[in-house]
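*Asks:* the following block contains a protein sequence and its predicted model.
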Amino acid sequence: MEITLHGQHFDMGDALKTYIHDKLETVNEKYFGRAVHVSVTMTKETKSLFKTHISLTVGKDIQVSATSSEHDVHASFDQASEKIAKQLRRYKRKLKDHHEQMEHAEHLKVPEYSLSNSLQDNQVDQLTDDEIESQDEPMIIAEMTTNIQTMSVSDAVMRLNLSGNNAMMFQNSKNNAINMVYRRQDGNVGWVDPTAKANALTDVA
């Protein structure tokens, strides 16, 4: 397993790096054993507040992430790694089955764009209405390729929960239609299926 460490605004030091390596290896071996890469970013936000973000890649494109802020650097990492461990423990059996299914699953390669508004807030007052309207389209600042994988709705919800993202698009294995699951403001997960007469709503913990 490859582990990448980033310390922002402070020197992590060899002792802390060794502590992080050892704990992440233990978590991986205990709960899954198939993690291929872990990225840990620790930021000293104030004089005594440390923020830890852990992003772990499991198997084929499965992202597990967690964030924690504490006044002690070790406590900050421990809390974030415990969140990762709880998610892996919760989905341990399902992840194993999902990993085996995805080894032979189909996926679509589609373009993915990062968009930015072409106008900055401080520029709006300097332009006429016609100039603003002509620049109203978002500007593409990055173009990538992403995979839309074929899976069940329950697997898509699992991957949404593990990643911590707000939405995920996937190809529904039941009808091959492009579906989306997304995090609602009430904490539930919304499910959009264009082939259905009404969208389904799934409650998650």
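*Replies:* Cool, the structure landed.

*Asks:* what sits against the residue lying closest to residue 45 once chain neighbours are set aside?
*Replies:* In this structure, residue 45 finds its nearest non-sequential neighbour in residue 51, 5.3 Å apart by CB to CB, 6 or more residues apart in numbering. Where you see a C-beta, it was placed from the backbone N, CA and C, and this is true even at glycine. Each residue near residue 51 by CB atoms under 8 Å, 6 or more residues apart in numbering is listed here: 42, 43, 45, 67, 68, 69, 76.

*Asks:* change it to 7 Å
*Replies:* The neighbours of residue 51, taking CB atoms under 7 Å, 6 or more residues apart in numbering as the test, are 43, 45, 67, 69, 76.

*Asks:* checking it next. Helix, strand or coil?
*Replies:* Under DSSP: H, G, I helix; E, B strand; the rest coil, residue 51 falls in the strand class.

*Asks:* show me how the protein divides into domains.
*Replies:* Taking automatic domain parsing as the domain assignment, the ranges for the chain are 2-99, 106-202.

*Asks:* tell me the most buried of these?
*Replies:* domain 2-99 (a mean of 16; mean count of other CB atoms under 10 Å).

*Asks:* what about the strands in the protein?
*Replies:* Remark: strands assigned in the chain by DSSP state E are 2-8, 35-46, 49-58, 62-70, 107-117, 138-151, 167-172, 178-183, 189-192, 200-202.

*Asks:* let's have these in CSV, adding mean pLDDT.
*Replies:* Listed next are those as CSV, based on pLDDT from 0 to 100:
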stretch, mean pLDDT
strand 2-8, 94
strand 35-46, 91
strand 49-58, 92
strand 62-70, 91
strand 107-117, 57
strand 138-151, 70
strand 167-172, 90
strand 178-183, 91
strand 189-192, 91
strand 200-202, 47
